[in-house]
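Peer 1: Here you go, sequence then predicted model.
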Amino acid sequence: MPEIKDLYAIEPEGSIWTVPQAYDVRFNWDYDDGRQTMMHLYRKGVQMQWDAETRIDWSQELDEENPEQLPEGMLPISGMAAYESMSAKEKAKVRRHFQAWQISQFMQGEQGALICAAKIVTQVPDVDSKFYASTQVIDEARHVESYKRLLEKFGVAYPMTPPLKELIDQVLRDNRWDMTYLGMQVVIEGLALAAFQQIRDNAQNPLAAAVNAYVMQDESRHVAFGRLALRDFYPQLTQKERDEREEFLLEACYLMRDRFDAVEVWKTLGLDPAECAAHMYDSGFMQMFRSSLFTRIVPIVKDVGLWGDTIRKGYEQMGILEFANADVQALQEADESIARDHDARRAYVESVINRAQQLEPAE
C-alpha cells in the first residue's frame, strides 16, 4: 500500500508545518469533581472509545467508477458542459479526485483537531475540561487514522486547503483558551459534522458510509463539549469581548464556506476553475451546499451566548440565520443511533457468513 506522501496530486509545502505558540500551561491542584454535565460527557467519552482496526471492515473496496457511490448531483460540476462531454472514464477520474479531495480535507482537519484538543488539555484551567479533552485527543487520532486508511483506497490525496490552514493557524496562535474551543469545537467540528453527514447519508458504498458514521458519533460529543464549556464562560465576558469573538466567528465561517470550492481539483484535472465556479454558482449548488454546512454551527453559537447584532446580521447576510433553532440534541442522538445501526448491519452480515461456513460440507 503506497504512503499518503506518495499520493498527493499537488505537492504540499514541505512535510512539516510549524505554528509558533505562546500561551500559559495551566495546572489545577484542586482536582475537584467539576461540573456534573461535563463529567458525564467525560465518562461517555471513556466508555465509547473504539478501535478503527476492528470496528471497520477494511476488506471492503471502493467503487471504481464512483468510489463512495454518491448521487451524481453531489458532484459540484455535474451538468457543466465540459464535464458532460467527457468519456465515462474521464468522469470517473473527476469523481475520484473530487471525493478524494473531500476526504483529504477531513483527514487534514482531523489532525488540526488532534493538535487543538491537546492544546485544550494543556491550556484550559478546569480539571473536568482537561479530562474530557484527553478523551478527544485519542478520538481525533483515531479519526486521522480512519480517513488515512480510507484515502489510501482512493490512490490520490490533496494537501490542506488554504482557508482551512488559515483558520487553524489563527486558532493555534491565539493564546486565549476559549478561542481554541470556538475555532475548533464550534466552527471546524460543527462544519465537519454537516459535511460528514452528507456522505454518511448519501453514500451507497458501505465502507465510506461507516467511516463517516463512526467519526460523527465522536464528533457530536466534541461539539457538545465546546458548547458546555463556552456556555459557562461567555456570560462572564464584557460586551466588547463578546463582540470580538462574534467578529472572529463571522470571519471563520466565511473561511470555511470558501473551503469547499475545490479549486485545487479543477486545476489538477485541467479544467477551468472560473468556468467551474460559474457553473456551481449559477446552478445554485454552492448556495445550497454552503448553507447546509452551517446547520450544526448556528444553533451552538446562539446557545453559548454569542448572539449579538454583529453575528445575527452576518448570519442573515450569509443566509444561514434560519438554522438558529435547529435541535442540536436531536441531531446528536441521531448520530449515535445511526452509528449503532452500522454496527448492527456488520454484525448481521458476519453472522450470515458464519452460518454459511458452518453449513459447508467437510472435504
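Peer 2: Happy to help now that I have it.
Peer 1: residues in contact with the most centrally placed residue in the chain?
Peer 2: Nearest residue to the geometric centre of the chain (CA atoms, centre = their mean): A192, 2.6 Å. Contact analysis of A192 by CB atoms under 8 Å, 6 or more residues apart in numbering lists F106, G109, E219. From N, CA and C alone the C-beta is placed, and that goes for glycine too.
Peer 1: Figure out the helix or strand that it lives in.
Peer 2: helix 189-202 (DSSP states H and E).
Peer 1: for F260, same thing?
Peer 2: Applying DSSP H and E, one finds F260 in no helix or strand.
Peer 1: returning to that earlier point: per-residue confidence averaged over whichever helix or strand comes after the helix holding A192?
Peer 2: Under the assignment DSSP H and E, the closest C-terminal helix or strand after helix 189-202 is helix 206-233. In this model, helix 206-233 has a mean pLDDT of 92.
Peer 1: how near is D282 to G79?
Peer 2: 10 Å (CB to CB, to the nearest Å).
Peer 1: So between these two, which is more surrounded?
Peer 2: Comparing D282 with G79 by other CB atoms under 10 Å, the one with more neighbours is G79, at 15 against 11.
Peer 1: Which parts of the stretch 51-200 of the chain are helices?
Peer 2: Using DSSP state H, counting those that start in this stretch, the helices assigned to the stretch 51-200 of the chain run over residues 52-55, 81-84, 88-123, 127-154, 162-173, 177-180, 189-202.
Peer 1: Identify all contacting residues around the second one.
Peer 2: This points to helix 81-84. L75, I77, K91, V94, L271, D272, E275.
Peer 1: Closest to T135 out of those residues?
Peer 2: L75 (36.3 Å; CB to CB).
Peer 1: Need the phi and psi values for that closest one.
Peer 2: phi -90, psi 120 (degrees, to the nearest 10).
Peer 1: Look up how far Y83 lies from it.
Peer 2: From L75 to Y83 the distance is 8 Å (CB to CB).
Peer 1: Give the residues shared as contacts by these two.
Peer 2: Common neighbours of L75 and Y83 (CB under 8 Å, 6+ apart) are V94.
Peer 1: got the CA positions of the helix holding A192 in CSV?
Peer 2: This file holds the C-alpha atoms of helix 189-202, laid out as CSV (Å, rounded to 0.1, in the frame of the first residue of the first chain):
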residue,chain,number,x,y,z
GLU,A,189,-16.0,20.5,14.1
GLY,A,190,-19.5,21.8,13.6
LEU,A,191,-19.0,22.3,9.9
ALA,A,192,-17.2,18.9,9.6
LEU,A,193,-20.3,17.2,11.1
ALA,A,194,-22.5,18.6,8.4
ALA,A,195,-20.0,17.6,5.6
PHE,A,196,-19.6,14.1,7.1
GLN,A,197,-23.4,13.8,7.3
GLN,A,198,-23.8,14.4,3.5
ILE,A,199,-21.6,11.4,2.8
ARG,A,200,-22.9,9.2,5.6
ASP,A,201,-26.5,9.7,4.5
ASN,A,202,-25.9,9.5,0.7
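Peer 1: So what's the gap between it and the chain middle?
Peer 2: 7 Å (CA atoms, centre = their mean, to the nearest Å).
Peer 1: now it: mean pLDDT?
Peer 2: 90.
Peer 1: circling back: could you let me know which of the contacts of A192 ends up closest to D169?
Peer 2: G109 (13.0 Å).
Peer 1: That closest one contacts I188, doesn't it?
Peer 2: Yes - the pair G109 / I188 is scored as a contact, 6.0 Å apart, by CB atoms under 8 Å.
Peer 1: Are there residues contacting both of the two? Which ones?
Peer 2: Joint contacts of G109 and I188 (CB under 8 Å, 6+ apart) are L164, I168.
Peer 1: in stretch 238-249, what counts as buried?
Peer 2: R242, D243, R245, E246, F248, L249 (16 or more other CB atoms under 10 Å).
Peer 1: Next, the buried residues of stretch 230-237.
Peer 2: Buried-residue list, stretch 230-237, by 16+ other CB under 10 Å: L230, D232, F233, Y234.
Peer 1: In PDB, list the C-alpha atoms belonging to that stretch.
Peer 2: Extracted in PDB, the C-alpha atoms of stretch 230-237 (Å, rounded to 0.1, in the frame of the first residue of the first chain):
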ATOM      1  CA  LEU A 230     -18.300  28.200  26.400                       C
ATOM      2  CA  ARG A 231     -21.900  28.400  27.700                       C
ATOM      3  CA  ASP A 232     -20.500  28.700  31.200                       C
ATOM      4  CA  PHE A 233     -17.700  31.100  30.200                       C
ATOM      5  CA  TYR A 234     -19.100  33.700  27.900                       C
ATOM      6  CA  PRO A 235     -21.600  35.300  30.300                       C
ATOM      7  CA  GLN A 236     -18.600  36.400  32.300                       C
ATOM      8  CA  LEU A 237     -17.100  38.500  29.500                       C
END
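Peer 1: Can you give me every residue that contacts A210?
Peer 2: Taking CB under 8 Å, 6+ apart, we find A210 in contact with I56, D57, H342, R346.
Peer 1: From S351, how far out is it?
Peer 2: A210 is 17 Å from S351, by CB to CB.
Peer 1: can you check L191 too?
Peer 2: For L191, the distance to S351 - CB to CB - is 38 Å.
Peer 1: Counting neighbours, go ahead and name the busier of the two.
Peer 2: L191 (25 against 10).
Peer 1: got a list of what A88 touches?
Peer 2: With CB under 8 Å, 6+ apart, A88 has these contacts: E65.
Peer 1: From M288, how far off is it?
Peer 2: Distance check for A88 against M288: by CB to CB, it reads 27 Å.
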